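1. quick check, what structure comes out for this input:
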Amino acid sequence: MRESKMSKSKNIEMITGDPKKAIVKLALPMMLSMLLIMLYNIADSIWVAGLGPDALAAVGFITPLFMVLIGLGNGIGAGANSLIARNIGAKNRDQANNAGLHAIVLSIIVSLVFTVLIEVFMVPILQFMGAGNTIQYAMDYSYIIFGFLFIFVFSGVASAIFRSEGDMRRATIAIAVTAVLNIILDPIFIYVLNFGISGAAWATVVSATMSCIVMSYWIWVKKDLFLDLSPKNFKYSSHIMIDTLQVAIPSTLETIVFSALAIIINSMLVLAAGTTAVAVYTASMRIVQLAMIPLIGIGTAVLTVAGVAYGAHNYKNLQTAHSYSIKIGFIVSIILGALMFIFSGQIAAVFSYTQASAGLASEIATAISVLSLFVLAIPHGIMSSMMFQGVGKGTYSLLITLLRSLILESVFAYLFCFIFGWGLPGIYGGVVLGCFVGGTIGYIWAKLFIRKFKEISIKKYEKHENSS
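-> Below is the predicted model:
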C-alpha cells in the first residue's frame, strides 16, 4: 500500500513539474502502446491481404467508420483527461473523481445509442461510400466490430483516466494486452478457424474485451489509483457534463472529419483508378499511421500537461509544453519520413506477398514515397490541436482539423488529381500540402492564445499582489 501511495505521488509530481520531462515521460509509454496497436493494424492488413484485393479494400472502406468508433471513446476520454488534469492542477481532487465517473456514465449512454444507429444504417453507408463488389466483405467485418461498440468506447475512456493522473504504465499495459492478443488471434481466427475476414473482427473484439477486464480490475477491485472512482463519489453535475462534452464532442467530431476525409479520398481514388487504388492507399496509410505514432504520443502527453498548467494558471509551463512538443515532433518526423522514403520498395513488398496482391507492390511503393512528406507536414498542427484540447478549448481544435483535413486536403487533392491531371500522385500530394497549410494556421492561432493567456495570468498575479 505504501508503494502504491508513493507511485501516485510521483505521478502527480511529474505532471505538475517540469513540462519537458513530463512530456517525455508521458509520451514514451504512449508511443510504445500505440506502436503495438499499429503493428496489429499492419498485421491485420497483411493477413487480410492474403484473402485478395477485395478483402483489403473492404477494410479500407470500414476503416473510416472504425475511426469514428474509436473516436467515440477517445473523444469522451479526451474530455475526461482534460477536465481531470485541470482539476488536478487546481488541486480539486473531488471534482477530478467526479469528472472520471461522469465520463464512464457518458461512455455507456453514447455507445448504446451509436450501436443501434450504425447497425441499422450500415448497408446504406457502405453503398454511399462506393464499396461495390467488396460490400459483402465489408458487412461481414463491420457487423461484428460495431456490434460490440461499448467495449471500444469504454476502453478509450478508461485509458484516458489513467493517463490524466500520469499513470502511463498501466495505460500502456492495458493497450498492450489488446495489441499483442490481436496479433496472436488474427491468423488463428482468419485462417486456422477459417472465419475469413470475420475472423479479423472477432480477434479485435476478444482482445479489446480482455483489456477492459484488466482496467476494470484496477479501477474497482484493486482501487489503487490517485482518483477514487467508487460509485459513491458520483454526483451528477451538468457543469461537469458540459465541460467534458466541450472537449469530447469536438474531439469525436475530429475523428468523424478524418473519416469523412477518408471517404472523400477513397471516392477520388475509385474515380481515378478503381477500387484497387483504395487497397493501395489503405496499405500505404498504415505505414504513415505507424510513423505518426511518436507524434500522437507526444500530442497525448501535451493534452495532460497543458491541462494541468492551465488549471494551475501556469502560462510558462503551457508555453513550454507547446513549443517543446513541436520541436521534438519535427526532429522525429524528419527521421521517420526519410526512412519511409528510402525503404518504400521493401515496405511495399510486405503487402504483396501473395499472388492475389502481387500487382500492388509498385503502386504502394509510389504512394509511400509521396506520403512520407505527410509525416513532416503534421507536427506543428497536431501539437497545437492537442494543446487546445488540454485547456478545454475543444472547438478550437475541431476548427483547425476541419480547415486542415476536410477543406484543404480535399481541395488540394481534387485540384492536383483532376484539374492538374496528376492522377494518383496528385491525390497524395494534395493531402500533404493541405495538412501543412492547415497546421500552420493552427500553430499561429495557438501562439496567439498562449500570449493572451500569459497577459491574463500576469494581470491576475499583479492584482493579487496589490490586494495583499
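2. what's the longest helix in this structure?
-> Across the chain, the longest stretch assigned as helix under DSSP state H is helix 424-467.
3. kindly export stretch 122-137 (C-alpha atoms) in CSV.
-> Only the C-alpha atoms of stretch 122-137 are listed here, as CSV (Å, rounded to 0.1, in the frame of the first residue of the first chain):
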residue,chain,number,x,y,z
MET,A,122,-24.6,0.0,-42.2
VAL,A,123,-25.7,-1.1,-45.7
PRO,A,124,-26.7,2.4,-47.0
ILE,A,125,-23.5,3.8,-45.7
LEU,A,126,-21.4,1.3,-47.5
GLN,A,127,-23.3,1.8,-50.7
PHE,A,128,-22.9,5.5,-50.4
MET,A,129,-19.1,5.0,-50.0
GLY,A,130,-19.0,3.0,-53.2
ALA,A,131,-18.0,-0.3,-51.7
GLY,A,132,-19.3,-2.1,-54.8
ASN,A,133,-18.2,-5.7,-55.1
THR,A,134,-16.5,-5.5,-51.8
ILE,A,135,-19.7,-4.9,-49.8
GLN,A,136,-20.2,-8.4,-48.6
TYR,A,137,-16.6,-8.5,-47.1
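4. need the residues that contact it.
-> Residues from elsewhere that reach stretch 122-137 (C-beta atoms under 8 Å, 6 or more residues apart in numbering): 51, 54-55, 57-58, 61, 64-65, 118, 138-139, 142-143, 146, 197, 263, 266-267, 270, 275. In this view, the C-beta of every residue, glycine as well, is placed from N, C-alpha and C.
5. if you set the cut-off to 7 Å instead, what comes out?
-> If you take C-beta atoms under 7 Å, 6 or more residues apart in numbering as the criterion, stretch 122-137 is touched by 54-55, 57-58, 61, 65, 138-139, 142-143, 197, 263, 266-267, 270, 275.
6. what subset of the residues you listed is buried?
-> 54-55, 57-58, 61, 65, 138-139, 142, 197, 263, 266, 270, 275 (16 or more other C-beta atoms under 10 Å).
7. can you list the residues you listed in a markdown table and add pLDDT?
-> As requested, the buried ones among the contacts of stretch 122-137 are exported to a markdown table (pLDDT from 0 to 100):
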| residue | pLDDT |
| --- | --- |
| 54 | 78 |
| 55 | 78 |
| 57 | 78 |
| 58 | 78 |
| 61 | 77 |
| 65 | 75 |
| 138 | 83 |
| 139 | 84 |
| 142 | 82 |
| 197 | 85 |
| 263 | 84 |
| 266 | 89 |
| 270 | 90 |
| 275 | 81 |
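8. of the residues you listed, which belong to helices?
-> Using DSSP H, the subset of the buried ones among the contacts of stretch 122-137 located in helices is 54-55, 57-58, 61, 65, 138-139, 142, 197, 263, 266, 270, 275.
9. what residues sit buried inside stretch 174-191?
-> Residues 174-179, 181-183, 185-187, 189-190 are the ones in stretch 174-191 that count as buried (16+ other C-beta under 10 Å).
10. how many neighbours does residue 93 have?
-> For residue 93, the count of nearby residues is 16 (other C-beta atoms under 10 Å).
11. residues contacting residue 333?
-> Here residue 333 is in contact with 295, 375-376, 379 (C-beta under 7 Å, 6+ apart).
12. pull the most distant pair out of the residues you listed.
-> Maximum pairwise distance among the contacts of residue 333 (C-beta to C-beta): 10.5 Å, between 295 and 376.
13. tell me which of these two has more neighbours.
-> Taking neighbours as other C-beta under 10 Å, residue 295 and residue 376 compare with residue 295 leading, 26 against 17.
14. surely residue 379 touches residue 329?
-> Yes - here residue 379 reaches residue 329: they are 3.2 Å apart, a contact under C-beta atoms under 7 Å.
15. need the residues touching each of those two.
-> Applying C-beta under 7 Å, 6+ apart, one finds that residue 379 and residue 329 are jointly contacted by residue 295.
16. show the subsequent helix or strand relative to the strand or helix carrying residue 367.
-> Element membership for residue 367 (DSSP states H and E) is helix 361-377. Tracing the chain past helix 361-377, the next element assigned as helix or strand by DSSP H and E is helix 379-390.
17. CA atoms only for that next one, dumped as CSV, please.
-> Coordinates of the C-alpha atoms in helix 379-390 are reproduced here as CSV (Å, rounded to 0.1, in the frame of the first residue of the first chain):
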residue,chain,number,x,y,z
PRO,A,379,3.8,18.1,-36.1
HIS,A,380,3.0,21.9,-35.6
GLY,A,381,-0.7,21.3,-36.3
ILE,A,382,-1.3,18.3,-34.2
MET,A,383,0.5,19.7,-31.1
SER,A,384,-1.5,22.9,-31.4
SER,A,385,-4.7,20.9,-31.6
MET,A,386,-3.8,18.8,-28.6
MET,A,387,-2.8,21.9,-26.6
PHE,A,388,-6.3,23.4,-27.2
GLN,A,389,-8.0,20.1,-26.1
GLY,A,390,-5.9,20.1,-22.9
